[in-house]
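J.: how would this look folded up:
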Amino acid sequence: MPHVDIKYFPRNLSDEQLKAISDDICDVLKKHLGASEDSLSVALNEVAPDRWKADVYDPVIKPGLTKLVKKPGYQY
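T.: Okay, here's the model as predicted:
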């Protein structure tokens, strides 16, 4: 393990772009956490801007705000 779950505004990314993002994230995790390739999983999930607060900020970001290593520069 680890598992990374990234939520982002829709970008119309190609499969190649999604793979490149995943590969870069995996490289960082291998470097800094000593994770093996077989232990990693990455999810890339599009969230519409008008759903961000309800689907991401309120249930995920806000309750864990004190645990975030990098906090957002916005609030609701």
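
J.: longest helix in this structure, by residue count?
T.: As assigned by DSSP state H, the longest helix anywhere in the chain is helix 15-33.

J.: what's the average pLDDT for that helix?
T.: For helix 15-33, the mean per-residue pLDDT is 98.

J.: And for that helix, what's in contact with it?
T.: Residues from elsewhere that reach helix 15-33, judged by C-beta atoms under 8 Å, 6 or more residues apart in numbering: 2, 4, 6, 13, 35-37, 40, 42, 44. Backbone N, C-alpha and C define where each C-beta goes, glycine included.

J.: residues of that helix that come out buried?
T.: For helix 15-33, burial by neighbour count (16 or more other C-beta atoms under 10 Å) applies to 21-22, 25-26, 29.

J.: What's the first helix or strand after it?
T.: strand 41-46 (DSSP states H and E).

J.: residues making contact with the very next helix or strand once past that following strand?
T.: The helix or strand immediately downstream of strand 41-46 is helix 52, counting by DSSP H and E. Residues from elsewhere that reach helix 52 (C-beta under 8 Å, 6+ apart): Phe9.
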